[in-house]
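Trainee: with the input below, show me the fold.
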Amino acid sequence: MKQLAHLVLNRSWAVIILFALITVLLGFSASRTGTDNTTHALYPDHSVVAALQDEIAATFGQRDMLLVVTEGEIFTPAGLNALHDLTLALSRLEGTTNVTSVATARRMEDDDGFLVTGDQLDAQALAQGLDQEQADEIRHYLSTSPLYENVTLVSSDGRHATLIVELEDDIDASAFARSVDDTVRQLWDGPYALAGQAFTSMELQSIIKRDLPALGATAIVLILIFLALNFRSVQGTLLPFVQIITGVIWGMGLFQLLGHKLMALTVIGPIAVMAVGSSFALHLLGRYYFELARGANKQQAIRLMLMETGLGVMISGFAIAAAMSTFLLSDLAMVRGLGLISALGVLSALLASMLFLPALLNVLPVPRRVADPESPGLISSFLVWLGRTVVRRRRAILSVSTLLIVVAVIGVFRIVPNTSIIAFFPESGATRTSIGKVEQVMGGSAPITVEVEADITDPRVLQALERFQQQASALNVVGPGQSIANVLRALHLTLTGENSLPPTRQAVAQELLLYQSSGEISELQRFVTLDYSKALVRFTAKAMSTERAAQLQKELTVLARDTFGELATVQIAGQPLLEYEIEQAMRRDFLVSLTLAILLVIIIDSFVRSFRAAAVTVLVLLVTIALQYGILGWAGLPLNLATMLMGALAIGVGDYAIHLTVRYMEERRHGLEPEAAVQRALFTSGRQILFTALTLGAGFSALVFADFVPVKTLGSLMLLTVALVGVSTLTLLPAASLWLLRNPHSHVNRSPEVSTHA
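Mentor: Numbers count the residues shown, from 1 in each chain. Below is the predicted model:
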């Protein structure tokens, strides 16, 4: 630290100029940071379900779908014409591969043993002008044909029509959804709703664009308010601001240079960097102003600031960055992005604190008025009382903490995980309202696909397929299903007048050949391979919790086994199952990141030259983690994408407790007895720890205003976490130190001279 102080004091202008140049360059890089708002970015890298879905997509030509529900009088000439025009406009959008609606629905007719197919709304009828009789005929066909009995192209009351828009792979799904939204708004004179992964991507992008600047600005304002309250000077308010903005710019600039993009969860990163960076400045500036108030000159104050308080800041910074970096081991790109941007930002803020901040202090004039942290006042009186109380009531503090941990552990077992994507959005918000409307009309919005490998021309397989489809649709949250059985039943009805499946292999083969001959090969390939070795059942399910998704996967697996037996091999995929995989990945991340964070923080904190001191500090943080997850369980809040990360975040952000440990060890090194050292440490460092907690809380409180529900929930819980860490640091940590850390050094100088430095 001596060499660092020497460098800063003798090369201040060189340090300032270098930091300014790098900040400008990385600021340009940060301004080019893009966003990845696709729902695919939320899924695990090594997803079994996603791999199966890709295989199904390649085999059957499955595409991502955007669902549109329009409201109005559909079965009228005007309504059908408007729906035809909208279908045509959507089919012409760049990125559209297919649009299914009443306008594209197929009709089957028997013409003396030949199968004739055509559109419900053919060009000739539209050119001549539809009348009400034709509209009623279309309505009758859709309501009686087995081909459409499980497809809600128009609701039974004739008030809602659905359009299923399939989009190309590897396009900007959110931009595509926005173009669909604009087209529907322009052409449809009435209410409408959207759902599907492309719609969710569009909404996630909107959230990122709203949340990042709004939350960042809110965090800055709140942090500045608490800095001003603490230091009561312009310099004390603005210098930390310069330092934390430098950390954010460097972090985001490096993040972009490494080829990464912002995702919905990564908005937490810059906020965390601001909050943590402000804590570095609080401790350093607090020591600087204290030394000035004690008569030290500017350079003496800077030197003592770096040599004494700088050690705790550096250890804390490395520990926080290490805790954040554990997220890089995640199987989720979004979590890795959060870990990278947070670790880079924290290290950048630490570097700015140890070099840029003292260099600025050295070239700036000393403030005319320096507030003495030990001057009489409410905070000083409170800290004196607190020190005495902790010494007298140490056993009571340890006993109450133990009781709270027991209650918290019970609460942990009450936690129910839920990483469903629908839960990312506010319950009464426009996104969930739109999806809810689509599900009300269509019976679901989340696709579930079941691949059946068997001899599809075998009537027994077809009967089992139809039976499976019907029974699966009866399960809770599962909507209607469609398969080759619907096509064959409609074919058989058209050709024979019998509403049943073809009874023999020969009949199945003949009817499928007729269907192909009518020019419907592409439609057939959506449900069966042309060698008839694989078939696909497509369901739409309602949005559900991941707990329900796990149950549904088991139910469908058991149903498939009971229905098909040895006739077929069945594989199941779909969005709800992918969301359950997210939960499983997050569970692994939770255990790995929390365990590694604890180990890394203990190792790094041990640089205070005492492993026991590091262990005692981390013990306080573990108590905090137990309490926060216990409260999560007792409050009935779900374990989601953000709250699973809360433990490692708490270990990192809460490591400012090391400052009190360092201060206590300094006083013991100068000869004070443990009880006196605890009181002195609380009195001299307590103010900065208190304001660190308040400033961190202020920074994280900005997350409460997020539209992304996991981030909003995390903001509320991090407020609680920061408060718990603050209370534990000022009570449990000193009490535990008097029990477990009475002699942190192997040799303590018993000199009667006591340091007057804080």
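Trainee: strands of this protein, start to end?
Mentor: Remark: strands assigned in the chain by DSSP state E are 65-71, 96-100, 106-111, 114-119, 160-167, 192-196, 446-453, 478-482, 534-541, 569-574.
Trainee: between these, which one is nearest to residue 431?
Mentor: The closest of these to residue 431 is strand 192-196. By CB to CB, the value is 9.2 Å. C-beta here means a position set from N, CA and C on the backbone, and glycine is covered the same way.
Trainee: which secondary structure elements does that closest one sit against?
Mentor: Secondary-structure packing of strand 192-196 (3 or more CB pairs under 8 Å, 6 or more residues apart in numbering; DSSP states H and E): strand 65-71, helix 173-187, helix 430-442.
Trainee: just the angle between the last one and helix 173-187, please?
Mentor: Direction vectors for helix 430-442 and helix 173-187, defined by axes from the mean of the first three to the mean of the last three CA atoms, to 10 degrees, enclose an angle of 70 degrees.
Trainee: so helix 430-442 versus strand 65-71, what angle?
Mentor: Going by the same axes, to 10 degrees, helix 430-442 makes 80 degrees with strand 65-71.
Trainee: give me the average confidence score over helix 430-442.
Mentor: Across helix 430-442, pLDDT averages out at 92.
Trainee: which strands and helices sit next to that helix?
Mentor: strand 65-71, strand 160-167, strand 192-196, helix 197-231, strand 478-482.
Trainee: count of residues packed around the closest residue to residue 209 other than its chain neighbours?
Mentor: Leaving aside its sequence neighbours, residue 209 sits nearest to residue 35 (CB to CB, 6 or more residues apart in numbering; 7.5 Å). Residue 35 has 18 neighbours, counted by other CB atoms under 10 Å.
Trainee: I'd like the strands of the chain as CSV, with mean neighbour count, distance to residue 641 and mean pLDDT appended.
Mentor: What follows is those, written out as CSV (neighbours: other CB atoms under 10 Å; distance: least, CB to CB, whole Å; pLDDT from 0 to 100):
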stretch, mean neighbour count, distance to residue 641, mean pLDDT
strand 65-71, 24, 24, 94
strand 96-100, 18, 31, 91
strand 106-111, 15, 42, 79
strand 114-119, 15, 44, 75
strand 160-167, 24, 25, 93
strand 192-196, 25, 20, 95
strand 446-453, 22, 18, 94
strand 478-482, 22, 25, 89
strand 534-541, 24, 21, 93
strand 569-574, 20, 20, 94
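Trainee: buried residues in stretch 168-181?
Mentor: 172, 173, 174, 175, 176, 177, 178, 179, 180, 181 (16 or more other CB atoms under 10 Å).
Trainee: actually stretch 426-440, not the one I wrote
Mentor: 431, 432, 434, 435, 436, 437, 438, 439.
Trainee: for the strands of the chain, which one sits closest to residue 725?
Mentor: That would be strand 446-453 among those, by CB to CB, at 39.1 Å.
Trainee: what's the burial count for the closest residue to residue 429 other than its chain neighbours?
Mentor: Nearest residue to residue 429, sequence neighbours excluded (CB to CB, 6+ apart): residue 707, at 7.4 Å. Using other CB under 10 Å, residue 707 has 21 neighbouring residues.
Trainee: hmm, what's the outermost residue in the protein?
Mentor: residue 112 (59.8 Å; CA atoms, centre = their mean).
Trainee: next up, the contacts around it.
Mentor: Listed by CB atoms under 8 Å, 6 or more residues apart in numbering, the contact set of residue 112 is empty.
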